[in-house]
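Novice: just a sequence and a predicted model for now, questions to come.
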Amino acid sequence: MAELDFDCVGARAERYAVAPTMTLRLRITSVGRVDAIALRCQIRIEPNRRRYSAAEADRLHDLFGSQDRWADTLKPLQLANLSVMVAGFTGGTEVDLPLPVTYDMEIATTKYFDGLEDGVIPMLLLFSGTVFVVTDGSMRVEQVPWSKESAYPLPLKVWRETMDIHFPNSAWLPIHRETLDALREFKTRNALPTWESTLDALLTTKE
């Protein structure tokens, strides 16, 4: 059986991706030759593995409630289930794992990312998949043990850079079509040039 170990050793924002994407760099080591791996990776955020400022706690209130409840509410958040094919190697190799992300503020993970000021996002990568090994002309198929995992402190600045590539100095907010129609009518009626000026006008009116 192939003896494999997995580590996440870095992350970067993909500047030319069609949609917001971060790429995680995985290092895989093995005792002996591996001819291919159909690798699966489940990624979780583990919010209980970092400290939070008072300002961050306020911004995360909608997600986790008040801090006196955090012992019960600060639970792992599912981020993604990803797959990648790993080419054959001997001893060790590194492979890129693309991680698409969204700026949808209705998604719990986005609320978490956006609520942080700095530091890292504590992630846990859980590995599974199928290993292919050719020995004496015969192919042997094995499973990646479910016990294989790797903790990785993703720098928050990588996520922010990813978002800034696609949404510079802006945020994305989903609304119902009826609300959009009402906003469009208000924008036209008041000859407002942009959506931001429309919202500013409504906020001023509200005050």
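Specialist: Okay, I see it. Numbering: from 1, shown residues only.

Novice: pop out the phi and psi values for residue 179.
Specialist: Backbone geometry at residue 179, expressed as degrees, to the nearest 10, gives phi -70, psi -40.

Novice: gap between it and residue 71?
Specialist: Noted for residue 179: a distance of 37 Å to residue 71, by CB to CB, to the nearest Å. In this view, the C-beta of every residue, glycine as well, is placed from N, C-alpha and C.

Novice: who touches the helix or strand of the chain with the lowest mean pLDDT?
Specialist: Taking mean pLDDT, DSSP states H and E as the measure, the helices and strands of the chain show their lowest mean at helix 195-206, namely a mean of 84. Contact with helix 195-206 is made by 183, 186-187, 190, 192, as judged by CB atoms under 8 Å, 6 or more residues apart in numbering.

Novice: and the residue of the chain most remote from its centre, how far is that from residue 36?
Specialist: Among residues of the chain, the one most distant from the C-alpha centroid is residue 136; the distance is 41.5 Å, by CA atoms, centre = their mean. Between residue 136 and residue 36 the distance is 17 Å, computed by CB to CB.

Novice: buried sites along the helix or strand harbouring residue 158?
Specialist: Here residue 158 is covered by helix 156-166, with elements defined by DSSP states H and E. For helix 156-166, the neighbour count (16 or more other CB atoms under 10 Å) marks 158-159, 162-163, 166 as buried.

Novice: show me what that helix is packed against.
Specialist: The criterion is 3 or more CB pairs under 8 Å, 6 or more residues apart in numbering; DSSP states H and E, and the helices and strands that helix 156-166 contacts are strand 3-13, strand 21-45, strand 120-135.

Novice: can you get me a residue count around the residue nearest to residue 186 when sequence neighbours are not counted?
Specialist: Nearest-residue entry for residue 186: residue 198, 6.3 Å, with adjacent residues in sequence omitted and distances by CB to CB, 6 or more residues apart in numbering. Applying other CB atoms under 10 Å, we find 17 other residues in the vicinity of residue 198.

Novice: residue 111 too?
Specialist: Other residues within reach of residue 111 by the criterion other CB under 10 Å amount to 17.
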